[in-house]
Structures are given as structure tokens and as C-alpha cells.
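Asker: fold the stuff below for me.
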Amino acid sequence: MGIVYKAQDPAIGRTIAIKSIRLLDLNDEAERERLRERLFREAQSAGILSHPGIVTIYDIAEEDGMAYIFMEFVNGPPLEKMLRHEQTPDKETLLSIFRQTAAALDYAHKKGIIHRDIKPANIMIHEDGTAKITDFGVAKIASQQMTVAGTMMGTPSYMPPEQVQGTPVTGRADQFSLAVIVYEVLTGEKPFLAEYLPTLLYKIVREDPVPPQRLNPTLGTQVEGVLRRGLAKKAEDRYETCTDFVNALAGALNTAKGWNPLPRGASQNMPTVGSQEGLAETVDDRTMVTGGVPPRPPLPPPHPPSADLTIEPIARRLEPVEPSHALRNLLLSAAAVALVLVGGFLTLQRFSATPKVASSQPTEQVAQDNPPPQAQPQQSPPQPSAPPSQPPASVRAPVAPKPAAETPEPPKQTAPEVEAKTAPEPVRVSRPAEPVTAPIPTEGTFQLTTTPPKAEAVFDYNQKCTTPCTVTLLAGRHTFVVRSQGYRDAHKIIEIPQDTGLIVDLERATGLLTLTSQPPGCTIAIDGQEQTQKTPATMTLLAGIHKIRVQRGDVTQEFTVNVTDGAILTRSVELSRQ
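Answerer: Okay, the predicted model is just below:
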């Protein structure tokens, strides 16, 4: 849909990314204008997502049918590119990416924003290991453009069932997409695969994926339980939040000693765990889902071959689910209708190419316009004389309704009246020009209030004030950033003189602390306050230095952590009696 440029902001010298979007790809003027308005609206709504795990949008502009989004530059590859390598990232790095992505998604969900297109290509990994989700709000615009062309929203392989069916979605839709990514990273295969889009969508809505330990024997049954819940068909059956899902996943992986992720396609070369009977069952039920096992040898048909034989085994297993037959019948009906339409079109073309003998009618007008068709074959030899006689007939046909020549007389009588009525119009046209000469505001005042107060606001990189404050700005688009110690920067876009004031609620800077212990189930206290969670636990802490105490019985261990905004800290404590 466009090109992404790496650029430098000349005002402050920072490196940014500029995504260009081609609005001219839409031929419909009204549709293009609606898309442009939505683009600006979505980009502004994405500006409220101030989180270290979400790519920040600085500004947006439009010129010559191209929209430009100025956003934070992430110096690192997307997760999609990392998964293409033969060697996948190490286990700790993957768990860190999952935790950061889950925390960023939960933050967006609390703000009422759902991504709807979570996939490895939209998760950027900075060189320092920070995971950042991109295309918040922009993903909706891209999918809307696809919807105009008749394609479903989002990326099919990662879509949840409720998005496939077009029902309302919640934050748990993003959790399903994240679970698909986790499944793919751990097994090297997507949970739902098919050659054709209708089959893929049917599997997402109706079928369960292959148990992950069949593709990766290093995974345990507890991992299967976590992924089964994260990939539940009904949103209410999934975890409450994305963080809950990742915490459960980390606990299940800890029980699978020696687990390792698989690169893409590696599961196809691994032996299947189980007996030959188990292998046969796997081939019967799951071959079309993953393609990770060899195809089943063809069975001898009990009756002459037919088109239904290829889907008969699946049809028997899916008897309780009527949509499979309905889908097949629908596709066959559509093919039949297409053949009928093509046949009808070819028939019409054949009749149109034949002589007009079959189309002769008893109407006198047809006989006048078209000379006797029976005589045409006989007159075909003297064709040199035919052309001079045919043009007059063709000319007379449109001129035949002679009342048109008689009717000009009444208009000539009314023409003076029309001229008399239109004479005053030049005076009326000149009157609307008077409001245009009214002075257009060249500047306006803007009042800014923040919570908490006394924050620093910088407008257009040069004009500063301490909130609450009132500034005078030139008419047009302006950007500003609000900064305060212990809080995340807030970037905003305003239009002067339309925007006269704004209240900005700053978000506290936070980080994540994952605490494990041996043995588990220890009591945790932070800054002297005992927590309800016990180890292992993942907690959100405000930026700053915190004192941590882990206790089991009369054995205690204390340490301090320095939490920075967006940091992911991991601490492991071993408590043993002396």
C-alpha cells in the first residue's frame, strides 16, 4: 500500500520513519475522501497510546493524493524476519518478546483500542531487545482499503474466529492472534493452514489445531493446554488478558525441561511421536491442517470414483457440523451458476453475429429501419451500390421523430422569458463574494492543562511553556510533546484555530519485573508492602528503585531493582534452609 522511508527530522536531528500511503489507488472520489478522513482520525487516536512497547506516531500529512505518517524509527528487524532464519532466537529472548507484546496489547485494550492485525511483521525488535508493536490504527486503514476490494479485514492466518465471522471483537481477539504467533514460534508451523481461503477460514472457525507436542516433542501437555485456551473458538473461553496468557505459557514451559523452539518447516523433518496406530490417526485427522506429516495413501474405493471421494473421510468426521456440507454445496452451486452465465454469454454472442432473419418482427418501424432481411443475401453481390443507399437509411433513423423539428418553435417563444429570468443572476453571483473578503484568522490561542500539572510542553520543537499555560500559535497544523519526570512523553497533533484547548492525562512510566523462586510459592513484598501474588509472578512497577523481599517460612532474601520505563527485568531467587 506504500513505501516506508528512513528520514531525519531537521528540527531536532532525530531519526524517524515516514510511511507513505497511496490514496489515489481508490478510483471512487467519495471513498478516497472517506479513507483520508479515517486515516487522519485513526492516526490521531493512535497518538493516545503512549507506551514503550508501541511505536509512537509524531505527525501526519497529506499531499498530492499521498498520505504520510511520521513515526518512531525502530532500529531492528521485525519478528517475521527473525523467524525466517534457520536458528530461532533463544528461549529467554522469545519469552521476553511475548511478555512485552502482551503488556503493550493490554495497555491498548485498556484505552479501548484493538489492533486487529497482530502478526510477526507488526512486531518490531529494537537492537536493545525491546519489542514494539507497529501499525496501531493504521492496520484498520489498510484492511478497510482491502475491504473495498472485496477482501476480508486482517491477515487470514492470524485472524480470530469472531473476526472471520464479522462479529464484534474485544481485546481477546488480539490474544488469539498472539497465541497463533506463539504456536508458530514453538512448532515451526501455523496452527491453521490450507491452500484456499474458504478452507482456511473454515478451519479457524471449526477445527482445532494439531497438539503442539506432536510437532515439537520437547513441549509438554501443559503447553498444549495453555495454547488450547489461548486459541479457543469463543472469546470468553480465553484468558482474561494477554499478560495472563503469557504468564501461564511461561509456567507451562518451565515444567517442560529442555524445551526448544523450532524454526519454520523443521517439524516436517522430525519423526512423529507415538506408535504406527497413532501415526495413522494423525494422518487421518490432521494432514490438511499442518501439512507436517506425509499424506495418507489412497484407499481402494468401494464404488466407482467420484468427486465426493476426496472429501468423504472429512465429511464423515464432520457430520455434526452442517456448515461443511453447506460450504461444499455453495461452492458447487457458484461454479454451476458461473458456467451457465458463460454459456449464456457465448450464446448471445453467437446470435448477435448471425443474420437478422431470426430477429425479424412484425413491427412496421423495424421493417422500415431494416430492409427485408431475406433480400440481403441476394443483394450481397452488388455491394458497391449498397453503401450509398444504406447511409441515408441510418441517417433517417435518428431524425425520424419529426416532432423534434416542430418543437423548437415553442422554445423560441419561451427563450426571451428565460433570458429575462437569467438576467438578474450575475448580480446574485457577485453577492456571495462579499463573505470571502472577510479576514481569515492568522493565529489563535491554545490552552493546555495536564495531569499532573507543572509539566513541560514543547510546541513545534521550539516554543515551550509549563502547564497549565496558554500559547499563541499561527493558523495551521502543530505538534507538541508534554514531558514530566516519572511519566511517559505524550505527543499530540492540533489544528489552529479550530482547537482551542486540551487536557492531557500523562501515563506513569512503568516496567515489568518477572520473579521466580526455587522452590515456588514464596511470599513477595515490594517496598515493605506484601503482595497478593506469589512466585512465580510478573508485576508492573513504577519507574525508580524498589526494594524486593522474597520469603518462605523463616528464610528471607532481599535485593533492589532499578526499573526504567519499558524495562523487562527477570530475577530468580533460590531459598534453602541452612
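Asker: give the contact list for A252.
Answerer: In this structure, A252 makes contact with 220, 222-223, 225-226, judged by C-beta atoms under 8 Å, 6 or more residues apart in numbering. No exception for glycine: its C-beta is placed from N, CA and C like everyone else's.
Asker: from the residues you listed, which is closest to G553?
Answerer: Minimum distance to G553 across those is 27.4 Å, recorded for Q222 (C-beta to C-beta).
Asker: distance of that closest one from Y68?
Answerer: With distances defined as C-beta to C-beta, to the nearest Å, the gap from Q222 to Y68 amounts to 48 Å.
Asker: again, but for V561
Answerer: 41 Å.
Asker: and what of I48?
Answerer: In this structure, I48 and Y68 are separated by 20 Å, where distance is defined by C-beta to C-beta.
Asker: V246 now?
Answerer: Distance of V246 to Y68, given as C-beta to C-beta: 35 Å.
Asker: out of those two, which sits in the more crowded spot?
Answerer: Between V246 and Y68, V246 has the larger neighbour count (other C-beta atoms under 10 Å), namely 29 against 15.
Asker: per-residue confidence for that one?
Answerer: Here the pLDDT value assigned to V246 is 95.
Asker: show me the contacts for it.
Answerer: With contacts taken as C-beta under 8 Å, 6+ apart, V246 has the following neighbours: 95, 98-99, 102, 178, 538.
Asker: just send the residues you listed back as a markdown table, with secondary structure, neighbour count and pLDDT too.
Answerer: Output for the contacts of V246, formatted as a markdown table (DSSP: H, G, I helix; E, B strand; the rest coil; neighbours: other C-beta atoms under 10 Å; pLDDT from 0 to 100):
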| residue | secondary structure | neighbour count | pLDDT |
| --- | --- | --- | --- |
| L95 | helix | 20 | 92 |
| F98 | helix | 23 | 95 |
| R99 | helix | 23 | 94 |
| A102 | helix | 27 | 95 |
| L178 | helix | 24 | 97 |
| T538 | strand | 20 | 83 |
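Asker: out of those, who's nearest T170?
Answerer: Top of the list for closeness to T170, among those and by C-beta to C-beta, is L178 at 13.7 Å.
Asker: show me what contacts the closest one?
Answerer: For L178, the contacting residues are 98, 101-102, 105, 118, 230, 242, 245-246, by C-beta under 8 Å, 6+ apart.
Asker: ok, back up a step: which of the contacts of A252 are buried? Put it as a ChimeraX command.
Answerer: With 16 or more other C-beta atoms under 10 Å as the burial test, the buried ones among those are selected in ChimeraX as follows:
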select :220,222,223,226
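Asker: just the element for V182, please.
Answerer: Taking DSSP states H and E as the definition, one finds V182 inside helix 171-187.
Asker: do the same with R214
Answerer: Of the helices and strands defined by DSSP H and E, R214 is found in helix 212-215.
Asker: what is that helix packed up against?
Answerer: When contacts are defined as 3 or more C-beta pairs under 8 Å, 6 or more residues apart in numbering; DSSP states H and E, helix 212-215 sits against helix 171-187, helix 221-230, helix 276-290.
Asker: and the angle from the first one to helix 221-230?
Answerer: Between the direction of helix 171-187 and that of helix 221-230, the angle (axes from the mean of the first three to the mean of the last three C-alpha atoms, to 10 degrees) works out to 150 degrees.
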